[in-house]
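Novice: I need the structure of the sequence given here:
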Amino acid sequence: MSSSNVHLVDHPLVQHKLTLMRRKDASTNSFRRLLNEISMLMAYEVTRDMPMQDIEVETPLETMQAKVIDGKKLVLVSILRAGTGILDGMLTVVPGARVGHIGLYRDPKTLTAVEYYFKMPGEMENRDVIVVDPMLATGNSAVAAVERLKELNPKSIKFVCLLTCPEGVKTFQSAHPDVPIYTAAIDRELNSHGYILPGLGDAGDRIFGTQ
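Specialist: Presented below is the predicted three-dimensional model:
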């Protein structure tokens, strides 16, 4: 699959850690730690084009102009509950970012997204948004989340996931062709229950140790 708006983060460290996460015998602690590490690595790619500004700093030898980012203009939006796993790692890299939450669950019969919570920082029209969720499977939750965010007119939106599949990418891009996707892998397909194959199981259950 090729698309100018789908960015595959294929750094060897990301791919190595993803492989370890896929193993069904990976412990909850191991899975959570690896996801945190991958999220930090992916944050470097996702924030590569963040705007910068010059400020004056004094080194031990002289005064100079040096570049900084304004992390407070960045909003990391976690799709609950599994998005928390990526959020924590990205906040380690950009601790000044604001945080928003969207609560969505997937109706088991229709596989459509149902919203139960939505809380964002103020002045969203001045902010760049990165939406995080480990899996872009059917794409319905991601589509619904971005649709809600667009109502607030942020400066930009990006979507970050650990895994996706052709069906999820197609659904998301059909609804939001202007929003780039950053992912560590594009797996083969969805099964009849809406899970990614070969995938890594239910990310939320593996992060939190639930069934």
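Novice: quick one: the strands in the protein?
Specialist: 6-8, 52-58, 63-69, 74-80, 98-106, 113-119, 128-132, 135-136, 156-164, 181-186, 189-190, 196-197 (DSSP state E).
Novice: most packed of the ones you listed?
Specialist: Using mean count of other Cβ atoms under 10 Å, the stretch among the strands of the chain with the largest mean neighbour count is strand 135-136, at a mean of 27. Using the backbone N, CA and C atoms, a C-beta is placed for each residue, glycine as well.
Novice: name the helices or strands packed onto that one?
Specialist: strand 156-164, helix 166-175 (3 or more Cβ pairs under 8 Å, 6 or more residues apart in numbering; DSSP states H and E).
Novice: ok, the residue of the chain positioned farthest from its centre to residue 68 distance?
Specialist: Among residues of the chain, the one most distant from the C-alpha centroid is residue 61; the distance is 40.7 Å, by Cα atoms, centre = their mean. According to Cβ to Cβ, to the nearest Å, residue 61 and residue 68 sit 19 Å apart.
Novice: also residue 198?
Specialist: For residue 198 relative to residue 68 (Cβ to Cβ), the value is 42 Å.
Novice: try residue 116
Specialist: Taking Cβ to Cβ, one finds residue 116 at 38 Å from residue 68.
Novice: ok, back up a step: mind putting the helices and strands packed on strand 135-136 into JSON lines with distance to residue 209 and mean pLDDT?
Specialist: Output for these, formatted as JSON lines (distance: least, Cβ to Cβ, whole Å; pLDDT from 0 to 100):
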{"stretch": "strand 156-164", "distance to residue 209": "18", "mean pLDDT": "96"}
{"stretch": "helix 166-175", "distance to residue 209": "25", "mean pLDDT": "96"}
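Novice: please identify which of those is closest to residue 88.
Specialist: strand 156-164 (13.1 Å; Cβ to Cβ).
Novice: so what would you say the end-to-end distance of stretch 122-137 is?
Specialist: 30 Å (Cα to Cα, to the nearest Å).
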